[in-house]
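# everything below, folded, please.
(chains A, B, C and D)
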4 protein chains.
Amino acid sequence: MAIQLGPNQYGKAENRLVRVFRDTDRHRIRDLNVSTALRGRFEDAHITGDQRDVLPTDTQKNTVFAFAKQKGVAAIEDFALTLGDHFIAACPGADGARVEIDEYAWDRIPVDGVPHDHSFVRTGGGVRTTVVNIDGVGPDRRAHVVSGIKDLVVLKSTGSEFHGFFQDEYTTLEPTTDRIMATSLVARWRYNPTGVIDWDGSFDSIRSILLREFAVVHSYALQQTLYSMGRAVLEQHPDVAEIRFSAPNKHHFQYDLERFGVDNPGEVFIAADRPYGLIEATVERDDAPDPGRAWHGIPGFC
Amino acid sequence: MAIQLGPNQYGKAENRLVRVFRDTDRHRIRDLNVSTALRGRFEDAHITGDQRDVLPTDTQKNTVFAFAKQKGVAAIEDFALTLGDHFIAACPGADGARVEIDEYAWDRIPVDGVPHDHSFVRTGGGVRTTVVNIDGVGPDRRAHVVSGIKDLVVLKSTGSEFHGFFQDEYTTLEPTTDRIMATSLVARWRYNPTGVIDWDGSFDSIRSILLREFAVVHSYALQQTLYSMGRAVLEQHPDVAEIRFSAPNKHHFQYDLERFGVDNPGEVFIAADRPYGLIEATVERDDAPDPGRAWHGIPGFC
Amino acid sequence: MAIQLGPNQYGKAENRLVRVFRDTDRHRIRDLNVSTALRGRFEDAHITGDQRDVLPTDTQKNTVFAFAKQKGVAAIEDFALTLGDHFIAACPGADGARVEIDEYAWDRIPVDGVPHDHSFVRTGGGVRTTVVNIDGVGPDRRAHVVSGIKDLVVLKSTGSEFHGFFQDEYTTLEPTTDRIMATSLVARWRYNPTGVIDWDGSFDSIRSILLREFAVVHSYALQQTLYSMGRAVLEQHPDVAEIRFSAPNKHHFQYDLERFGVDNPGEVFIAADRPYGLIEATVERDDAPDPGRAWHGIPGFC
Amino acid sequence: MAIQLGPNQYGKAENRLVRVFRDTDRHRIRDLNVSTALRGRFEDAHITGDQRDVLPTDTQKNTVFAFAKQKGVAAIEDFALTLGDHFIAACPGADGARVEIDEYAWDRIPVDGVPHDHSFVRTGGGVRTTVVNIDGVGPDRRAHVVSGIKDLVVLKSTGSEFHGFFQDEYTTLEPTTDRIMATSLVARWRYNPTGVIDWDGSFDSIRSILLREFAVVHSYALQQTLYSMGRAVLEQHPDVAEIRFSAPNKHHFQYDLERFGVDNPGEVFIAADRPYGLIEATVERDDAPDPGRAWHGIPGFC
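Coordinates of the predicted model:
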């Protein structure tokens, strides 16, 4: 028996990069949170403290900001791929890289009905995200792109039932044919590694499909809603190999007003914090290519 | 010298109330966070533990939810006033009440371009809020309404300068004629106590004025932008007596790329977390009525 | 009627300063969060954008860190007073200053039972805090020191009752003679402005008194416990003029196990998040000197 | 090509359970955050909405609280194993279970030097945690226990160097032979599946080893410190098969005071928030048994 170093990675997390495009007076902005990490042959750094093959996290930070000018910032998927390939090439010890980018959405401020040239307001409706994993260089290079949306808070005030469930001695839940269903959705989908993908177009389309399905599916369980959302995405997006969901069931309990002689036919609810149901599900093609490291280090998914 | 009870209040904070209006198949929802508090003659509760004049916070909670059905939920200002007056009347020891309500905004989910009847997505763009303080009943009743918006995150990518400031031996800041200005705005305005106010209409109008001024003012300091925003609100809203701002200066530092031989003419920034500038300012009418307790217990304002 | 600038202040918030004392191999550390703000004659900065009398927040930041070396960091009250007086003297427009400092506690890591010379672990048990307000210079100078503790989370598993309260039609709470009482205490006390105060000694003593009273008082309400805590502090600390509490009642509800044929005599509880009772109370001397601006901008107190 | 359901699980997250042991007047308390999840044959629930094999998350919640009385709460590892086995047996569709428990530490409040019988104060120094995964029943049953500590914030004010690293065109970091090293450590270790383990004893011992190694290792990189900590644990704990770390490098930057003519020999630092280095590493036995699902769904580890 010997003690040895196992899997490891290191990098600079949460570089808050804001890129202004001022080619014309009508500025555009990209507001990103970029995390980079490298993995590979770093035994010496761990065991003897020898840093000779280590590209410091501080250098990774500098590179992120320099590349924002040198390489531009197109879709976050492109920017992540560019950074990942660069780091594997630049760092002697690196065999692989993981780059995660969140993007926050901004709208132009309307002034007398006209969107302003250089003034913006942050919007809600979810944060776009991507996790890119690359292993190797040249012909052996393997790249995985898992993009997604998080903090997409949705609610339907009817069209949701829950009944017919298994009951044991600890079951007290009443079946219902009408309840509020709400979640703060995280969805992440793995793109097929072949073919050219329109990252921005696919994101917009998938976000719309997710919202649409949430709205139109008459739900018998949050599981069923998630599955329907995933199936719709796969049906309409051949560029997607699989999609995973992590969805807290944000319980809204009907408040008992009968005690005060007041009827409450699904009108007054208390929104609870904890505990919450937590539903995780994957919808996939049966012939999806091997995920490899695609889901490496992504929290909250089974 | 004697030891005595000083100012005090008690209540139930953060009742997360969701009200569904299902008069027709086209549901409407209101998503509120309601905090109630009572003040008055509660010496016995503190000194001897005698609760005879205390309306429990649990009862306050029940009342908030019951009133959501019994009284309806119109503008949050109306709902807060209704609750406040009720508690003063209902609780033997109460002379005054403070009710604070935040309202979260939801949009209908678009399905094939049509807003859905009962499915919603949370939006950003700030949280509407009100703080109502009432003292007394009948002819002696005094009510103050301070409404506002918070978490309104705005950014302008140019049109902001900062120079000509006082310098001492610890000053290293470079003057600039072009910088990013960004803040997560909290604005709260006190309505005049006389006259009937269109709460929803005034909120929408003031929010628009704040955004518009932030966009169009060429700024020489965040202070100046805030003052311009406040003045514009007071000029257009005779129903407002004063407005206060608390605005963190969310610094965006131009990243030094010259070290890498890369030019950075206001294009690549790092968004900093802490420390941040914090600017607080009031704009008021010189004949504004006495605020009394209007600003009682509202954090973050000077 | 005219529109004018009202109360305002500006400064640099949350300077995260860590000071290492390495006079000997046995290092000491102070871990602070320092927020500074100035108030005074800043009309020009707001109305015309003229910054000539404004000491930039960036300079305030530099000064905080420079003073940590030049003036040392003794008690946080001393450091705050030193900074406040300096800023009033240094900034042309300033008439007053507000300096708030939080201090995080660290213990030495024990190695084979011996506290280590330069390795530390963060502890809980509350964050020490102070808010210093100074107006004017020379003979007109007025300084107020409000110190305190926050995030002091305490719980007693018995010795707490709640009954005999007022009941109305919305009351459903059952009276109890045995419940869990828990809070995340914020306590802030105003020191008398005269006399030399042992800041560190007083803090340690008051923290002990607060904990002791919470433990030994048989409670009939959180209000009563707070009052007892405050009275004990004032009785033992002539250096304190008044003390204020803000205490969320962190509800622990006895879980209903009877439904499963299981007895639950005060053994199994669910800790709730929201809503929560919120109790605020002041205990003061009847001859306490005028507070002036002492409580200026401190949130969460009535 | 067909679309199908992939990996999934569901459960009730963050059941905040407080258990009071009142066998004698000297109460003991356990303060837990319990999350349960089931996996198995749940296709019908996802595809058709048929819940017949689904044990509702609400029932899982009830069971957690009922078991706290019926089965007691010994070590969190025991409680998690008991819950996991029960759920697999109780739920028709379940093949496996995942139970995660965090435990918050409390000290008795000292009163006149004597620890009080039923009054407690929350301490810092890290949160104990466990993740238990069970698959199957009877002879096929496989159980994995991954225990750990999180939010263990440590700092050493010297004894940390960083130099000799690889440099490229984006490298600006200065090598240093003396810096502050600080992290908010997450460590999780997988217990060997054979043999009877003293859960509480092992946790206390491992926590001590981690702190001790952090203190005594003269560090040439955070990686090296983590590896040393892991090796020490494995050397002293044959019951542990592997240990993983996730450690943000909480940067403390020496503040540049030379600009003000002030020397700063490692005494004044600014603690930064973002970005931060993030170091993840595993130390393992080369003959460690197969981890199976042991690390299933644990975020923040490579």
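# and residue A:211, how close does it get to residue B:29?
16 Å (Cβ to Cβ, to the nearest Å). Any C-beta I mention is one placed from the backbone N, CA and C, and that applies to glycine too.
# quick one: which of the two has more around it?
residue A:211 (23 against 19; other Cβ atoms under 10 Å in any protein chain shown).
# show me what the helix or strand harbouring the more buried one is packed against.
Assessed by DSSP states H and E, residue A:211 sits inside helix A:199-216. Here helix A:199-216 touches helix A:76-90, strand A:142-156, strand A:181-191, helix A:222-236, strand B:106-111, strand B:114-122, going by 3 or more Cβ pairs under 8 Å, 6 or more residues apart in numbering or on different chains; DSSP states H and E.
# so which bits of it are buried?
A:199, A:202-203, A:206-207, A:209-216 (16 or more other Cβ atoms under 10 Å in any protein chain shown).
# for residue A:48, which non-adjacent residue is closest in space?
Spatial nearest neighbour of residue A:48, excluding adjacent residues (Cβ to Cβ, 6 or more residues apart in numbering or on different chains): residue D:224 at 7.4 Å.
# can you pull the contacts of the one you found?
Contact analysis of residue D:224 by Cβ atoms under 8 Å, 6 or more residues apart in numbering or on different chains lists A:45, A:46, A:47, A:48, A:49, D:217.
# residue B:74: which of the buried residues of helix A:199-216 is nearest?
Nearest to residue B:74 among the buried residues of helix A:199-216 is residue A:215, at 26.9 Å by Cβ to Cβ.
# could you measure that closest one against chain D, distance?
As judged by Cβ to the nearest Cβ, to the nearest Å, residue A:215 and chain D stand 17 Å apart.
# still on that earlier bit, just the closest of the buried residues of helix A:199-216 to chain C, please.
Chain C lies nearest to residue A:214 out of the buried residues of helix A:199-216, by Cβ to the nearest Cβ, at 25.4 Å.
# still on that earlier bit, relative to residue A:165, which of the helices and strands packed on helix A:199-216 is closest?
Once the helices and strands packed on helix A:199-216 are compared by Cβ to Cβ, helix A:222-236 is nearest, at 11.2 Å.
# which parts of that closest one are buried?
Buried, per 16+ other Cβ under 10 Å, within helix A:222-236: A:222-234.
# again with stretch A:174-186
Buried residues in stretch A:174-186 (16+ other Cβ under 10 Å): A:179, A:180, A:181, A:182, A:183, A:184, A:185, A:186.
# could you pick out which of these are near chain B?
Counting by Cβ under 8 Å from any Cβ of the partner chain, residue A:180 from the buried residues of stretch A:174-186 sit close to chain B.
# what is the distance between the helix or strand harbouring residue A:17 and the centre of its chain?
Per DSSP H and E, residue A:17 falls inside strand A:3-21. Counting by Cα atoms, centre = their mean, to the nearest Å, strand A:3-21 is centred 17 Å from the centre of its parent chain.
# and the gap between residue A:105 and residue A:29?
Residue A:105 sits 10 Å away from residue A:29 when distances are taken as Cβ to Cβ.
# oh sorry, the question was meant for residue A:68
12 Å.
# what residue is smack in the middle of chain A?
By Cα atoms, centre = their mean, chain A has its centre lying nearest to residue A:148, at 3.7 Å.
# isn't it up against residue A:190?
No: counting by Cβ atoms under 8 Å, residue A:148 does not reach residue A:190; the two are 9.5 Å apart.
# can you count the residues close to the residue nearest to residue A:1 when sequence neighbours are not counted?
Distance criterion Cβ to Cβ, 6+ apart; nearest residue to residue A:1, sequence neighbours excluded, is residue D:287 at 5.2 Å. Counted by other Cβ under 10 Å, the residues lying close to residue D:287 total 8.
# wasn't residue D:287 part of a strand?
No: according to DSSP: H, G, I helix; E, B strand; the rest coil, residue D:287 belongs to no strand; its state is coil.
# on that earlier part again, distance to chain C for the buried residues of stretch A:174-186 - can I get that in CSV?
Conversion of those to CSV gives the following (distance: Cβ to the nearest Cβ, whole Å):
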residue, distance to chain C
A:179, 20
A:180, 17
A:181, 20
A:182, 16
A:183, 18
A:184, 16
A:185, 21
A:186, 21
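# now distance to residue C:166 too, for the buried residues of stretch A:174-186, in JSON lines please.
Conversion of the buried residues of stretch A:174-186 to JSON lines gives the following (distance: Cβ to Cβ, whole Å):
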{"residue": "A:179", "distance to residue C:166": "35"}
{"residue": "A:180", "distance to residue C:166": "33"}
{"residue": "A:181", "distance to residue C:166": "39"}
{"residue": "A:182", "distance to residue C:166": "36"}
{"residue": "A:183", "distance to residue C:166": "40"}
{"residue": "A:184", "distance to residue C:166": "39"}
{"residue": "A:185", "distance to residue C:166": "44"}
{"residue": "A:186", "distance to residue C:166": "46"}
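# any idea what residue A:131 is bridged to?
Note on residue A:131: beta-bridge partners residue A:100, residue A:146, judged by DSSP bridges.
# with the one 4 residues further on instead?
Each beta-bridge partner of residue A:135 is listed here, defined by DSSP bridges: residue A:96, residue A:142.
# doesn't residue A:85 make contact with it?
No: contact status for residue A:135 versus residue A:85: not in contact, 11.0 Å apart, counting by Cβ under 8 Å.
# and for these two, which residues touch both?
residue A:141.
# which one of the two is surrounded by more residues?
Between residue A:135 and residue A:85, counted using other Cβ under 10 Å, the more crowded position is residue A:135 (20 against 17).
# contacts only, for the more buried one.
A:95, A:96, A:141, A:142, A:143, A:292, A:293.
# what about the fourth one, distance to residue A:133?
Using Cβ to Cβ, we find residue A:142 at a distance of 8 Å from residue A:133.
# same question for the last one.
Separation of residue A:293 from residue A:133 (Cβ to Cβ): 5 Å.
# repeat that for the third one.
The spacing between residue A:141 and residue A:133, counted by Cβ to Cβ, is 11 Å.
# so which of these two has more stuff around it?
More crowded of residue A:141 and residue A:133, by other Cβ under 10 Å: residue A:133, with 26 against 12.
# close enough to count as contact, the more buried one and residue A:292?
Yes: the criterion here is Cβ under 8 Å, and residue A:133 meets it with residue A:292 at 7.5 Å.
# chain C contacts on chain A?
Within chain A, the positions near chain C by Cβ under 8 Å from any Cβ are A:169, A:170, A:172, A:259, A:260, A:273, A:274.
# need the three-state assignment for the last one.
Using three-state DSSP as the criterion, the local structure at residue A:274 reads coil.
# and it, how many neighbours does it have?
When counting by other Cβ under 10 Å, one arrives at 18 neighbours for residue A:274.
# next up, the contacts around the residue of the stretch 101-250 of chain A found nearest chain B.
Using Cβ to the nearest Cβ, the single residue of the stretch 101-250 of chain A nearest to chain B is residue A:124, 3.0 Å away. Going by Cβ under 8 Å, 6+ apart, residue A:124 touches A:151, A:153, B:121, B:122, B:123, B:124, B:125.
# which of the residues you listed has the weakest pLDDT?
Across the set of the contacts of residue A:124, residue B:124 stands lowest in pLDDT, at 91.
# give me the below-cutoff pLDDT ranges for the stretch 201-302 of chain A.
A:300-302 (pLDDT under 70).
# give me every residue in it lying close to chain D.
So far as Cβ under 8 Å from any Cβ goes, the stretch 201-302 of chain A lies against chain D at A:219-221, A:223-224, A:226-227, A:230-231, A:234-235, A:242, A:244, A:248-249, A:274-287, A:296-297, A:299-302.
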